[in-house]
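Asks: how does the following fold in three dimensions:
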Amino acid sequence: MPAWQVLRSSVVASRFEALRGSTLSQLVGRDEEIDLLLRRWARAKAGDGQVVLVSGEPGLGKSRIAAALAERLHAEPHIRLRYFCSPYHQDSALFPFIDQLARAAGFARDDRPRTKLEKLEGLAGPRRAAKRMWHSSPICCHCRVRNATRC
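Replies: So this is what the prediction gives:
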């Protein structure tokens, strides 16, 4: 019987991408849904806030429609934020946001706090803002040393 060992979290953000990879089949028969999403996108760009809920049974094609929309918007300037819940993090309501921030910053599992701070600085800008975030109390939140200047 084969045995497997988990080494690290996947670099792929969604189950859809993990199962399908980067190669997608042609989307058939979903022109109406894509057109609706593109109209909502146009209204949102015009300043008219929009929310679209895509729901349905598993396997219906919700993720595939979202991927098709992303393909269509590829050339347009936009920021795409995707959040995924996990049954392994049910006790952490903020896990999807923490995970997204960690992926955006490029955190590796074995990064030291100092390395994470440097990666966050690349996202957040000036060193003072990131340092204030991590060292806002007189006790360092990572090494528990009072008035720590370095982790």
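
Asks: pLDDT weak spots in the chain?
Replies: Low-confidence segments of the chain, defined by pLDDT under 70: 9-24, 125-151.

Asks: how about the helices of it, start to end?
Replies: Ranges of helices in the chain, per DSSP state H, are 15-20, 31-45, 62-72, 95-105, 113-124, 127-134.

Asks: output those as CSV; include the columns mean neighbour count and distance to H78.
Replies: Bear in mind the C-beta positions are built from the backbone N, C-alpha and C, glycine included. Shown next, in CSV, are the helices of the chain (neighbours: other Cβ atoms under 10 Å; distance: least, Cβ to Cβ, whole Å):
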stretch, mean neighbour count, distance to H78
helix 15-20, 13, 19
helix 31-45, 13, 8
helix 62-72, 16, 9
helix 95-105, 15, 15
helix 113-124, 16, 18
helix 127-134, 13, 25
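
Asks: which one of those helices lies closest to R8?
Replies: helix 95-105 (12.6 Å; Cβ to Cβ).

Asks: helices and strands around that closest one, which ones?
Replies: helix 113-124 (3 or more Cβ pairs under 8 Å, 6 or more residues apart in numbering; DSSP states H and E).

Asks: good, we can wrap up now.
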